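# sequence and predicted structure, then a few things I'm wondering about:
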Amino acid sequence: MASKPRIKVPKSASAGEVITIKTLISHEMESGQRKDKEGNPIPRRIINKFTCTFEGELVFECDLDPAISANPYFEFNAKVPASGTFEFTWLDDDGSVYTAEAPIEVK
Amino acid sequence: MQLTRRNVLGLTAGAAAFAIAGGRISPAMASAEEAEKMVMEFAGGAMPAEGKITLTAPEIAENGNTVPVSISVDSAMEGDDLVESVIIFADGNPSPAVATFHFTEMSGEALATTRMRLAKTQNVIAVAKMKDGSFYMDKKQVKVTIGGCGG
């Protein structure tokens, strides 16, 4: 259901620099509050957790509730100690896991 | 008053209208209290102090489906001066919890932006939990005009 995530990470940074990361993933984030045409509640199905790590070390994490808009967007900061890769993970209520990666080079 | 057919119909219609109105109002009230309870629970039983944390949200949101919200906490993000987590509540939504952010020293700055849903005009509350065990909060009212006519 969710399509390829979009991520914005600078290509390079200086050592110890704090950079801004932006992520967006397509997901309808069904809140569980809506009803279909017959009046039956539509079951909840959202992304409930987003995690960003750098070379396996936790940078930023978010627990999502149904009040997060469709296509969840996050903007946050990260410290860059050295060249490496940022890993991103989205966990879906149905057990699906969506992942992405973005490398960064320290000059 | 005589119990005629017309009177009975009028009475039941009035009672039904009252029941519907009551039913619509009470969940919102419960939610505001629920939000306060959740804030207290998160902050370990006391209302957090104001300051340090800044919540940024539009004063008027034309579309309640996607309202930008940012938080930023004044912190060195090193040693004991670290923000562990920030929780966001919306006190007029069917369920007040919106999101919980977790930060580490690797975050560099305690700063985050996302987009949320707001059912109606209400208060948005952000509470920061610091590593030293203190809590700070900020609150903003967001006016929601679904339909986007700016009314």
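Here it is on my side, so go on. Predicted, not measured: the structure shown is a model, and the values here were computed from it. Numbers count the residues shown, from 1 in each chain, chains lettered A, B, ... in the order given.

# what's the helix or strand for B:Glu36?
Following DSSP states H and E, one finds B:Glu36 within helix B:5-42.

# so the residue minimising distance to the centre of chain B bridges to which residues?
Geometric centre of chain B, nearest residue: B:Ala90, 1.3 Å, by C-alpha atoms, centre = their mean. Beta bridges link B:Ala90 to B:Val124, judged by DSSP bridges.

# residues in chain B within reach of chain A, list them.
B:65-67, B:70, B:90, B:93-95, B:97-109, B:111-118 (C-beta under 8 Å from any C-beta of the partner chain). For glycine as for every other residue, the C-beta is placed from the backbone atoms N, C-alpha and C.

# circling back: tell me the first helix or strand C-terminal of the helix holding B:Glu36.
Next helix or strand after helix B:5-42 toward the C-terminus (DSSP H and E): strand B:49-50.

# my guess is A:Ser83 contacts A:Phe54. True?
No: between A:Ser83 and A:Phe54 there is no contact under C-beta atoms under 8 Å: 10.6 Å.

# so those two - more neighbours on which side?
Set A:Ser83 next to A:Phe54 and count neighbours by other C-beta atoms under 10 Å in any protein chain shown: A:Phe54 wins out with 20 against 14.

# excluding chain neighbours, what is closest to that one?
Leaving aside its sequence neighbours, A:Phe54 sits nearest to A:Phe86 (C-beta to C-beta, 6 or more residues apart in numbering or on different chains; 5.4 Å).

# contact partners of the helix or strand harbouring the one you found?
Element membership for A:Phe86 (DSSP H and E) is strand A:84-92. Strand A:84-92 has contacts (C-beta atoms under 8 Å, 6 or more residues apart in numbering or on different chains) with A:1-2, A:5, A:7, A:9, A:21, A:23, A:25, A:27, A:45-56, A:59, A:72, A:78, A:97-104.

# any of those residues buried? List them.
Among the contacts of strand A:84-92, those buried by neighbour count (16 or more other C-beta atoms under 10 Å in any protein chain shown) are A:2, A:5, A:7, A:9, A:21, A:23, A:25, A:27, A:45-54, A:59, A:72, A:78, A:98, A:100, A:102, A:104.

# what's the burial count for the nearest residue to B:Thr56 once chain neighbours are set aside?
Nearest residue to B:Thr56, sequence neighbours excluded (C-beta to C-beta, 6+ apart): B:Ser70, at 4.2 Å. Neighbour count for B:Ser70, taken as other C-beta under 10 Å: 14.
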